[in-house]
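**Q** Could you look at this predicted model? Sequence included:
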Amino acid sequence: MDFEDFLQDLSSLEVISKDNHKISIKLKGIPLQYSNALRRVCLNGVPVFAIDTVDIIENSSVLPDEGLAHRLGLIPIKTDLSRFNEPAKCDCKSEAGCSNCKVMLVLDSGDADTTRTVVSSELSSEDDSIKPISDKVPIVQLAPGQRIKVECYARLGQGTEHAKWNSANISTLTETDKEDERILTVESTGALTPEEIVLAGVEEVSNRLNDFKAMIGQIKE
Ligand SMILES: [Zn+2]
């Protein structure tokens, strides 16, 4: 059976269990190579948002600018795939990006009165749907009188480029005792729902196979 035939019938994805973070799906009659491709794409091939560039306006904390930018990049960001494009695939064709491929988040801690931890809830996004998945991610500790003020730009990316764009924490394939039947388990970072990851993963595998076929076609000509 071809991966594309399997795509015709998404009902062949039998959901065994799911909650907000994790989904387990039975893959039946799908060749191992396709099942494994889907597992890998669910891990790092489905685009999610992460902060990519940071303009540091003020940083009097003890954390160097690079460290601060790195910490901001690792905060999982809620992602809406229906409204945004990956920059390379965006119609704007611009390095600067546009409102369809880039979202600005700003954070100004103000001068700290006491020693305190700046957390992700202090990031304010220009787009309500693109913001940290949790309010409680610690970013940096400030001593009295210290302050950070930053402008961050988040964009869609894939985990193959940098792990901060991984769509899942865990993506595993386990054999069952039945022939040609495996269980795919995907645990989301929270950027997307587990179902969104699997559905986008199926589409991505299919696109890659089509691109590959087209490439082979060109070589033959
Ligand atoms: Zn754009």
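**A** It's in.
**Q** buried set for the top helix by length along the chain?
**A** In the chain, taking DSSP state H as the definition, the longest helix is helix 194-220. Of the residues in helix 194-220, 194, 196-202, 204-206, 209 count as buried by neighbour count, 16 or more other CB atoms under 10 Å. The way it works is simple: take the backbone N, C-alpha and C, and place the C-beta from them, glycine included.
**Q** next one: stretch 130-139
**A** Buried-residue list, stretch 130-139, by 16+ other CB under 10 Å: 130-133, 137, 139.
**Q** which one among these gets closest to residue 20?
**A** The nearest member of the buried residues of stretch 130-139 to residue 20, counting by CB to CB, is residue 133 at 10.7 Å.
**Q** Apart from its neighbours in sequence, what residue is nearest that closest one?
**A** With CB to CB, 6 or more residues apart in numbering as the criterion, residue 133 has its nearest non-adjacent residue at 3.7 Å, and that residue is residue 190.
**Q** Please give me every residue in contact with that neighbour.
**A** By CB atoms under 8 Å, 6 or more residues apart in numbering, the contact set of residue 190 is 21, 76, 78, 133-134.
**Q** cool, and residue 84?
**A** For residue 84, the contact set (CB under 8 Å, 6+ apart) comprises 49, 100-101, 103, 130, 156.
**Q** partner residues bridging the residue positioned nearest the centre of the chain?
**A** When CA atoms, centre = their mean is applied to the chain, the residue found nearest the centroid is residue 48 (2.6 Å). On the basis of DSSP bridges, residue 48 is bridged to residue 157.
**Q** and what of residue 13?
**A** In beta-bridge terms (that is, DSSP bridges), residue 13 pairs with residue 27.
**Q** List just the nearest of the contacts of residue 84 to residue 146.
**A** Of all those, residue 146 sits closest to residue 103, with 27.0 Å by CB to CB.
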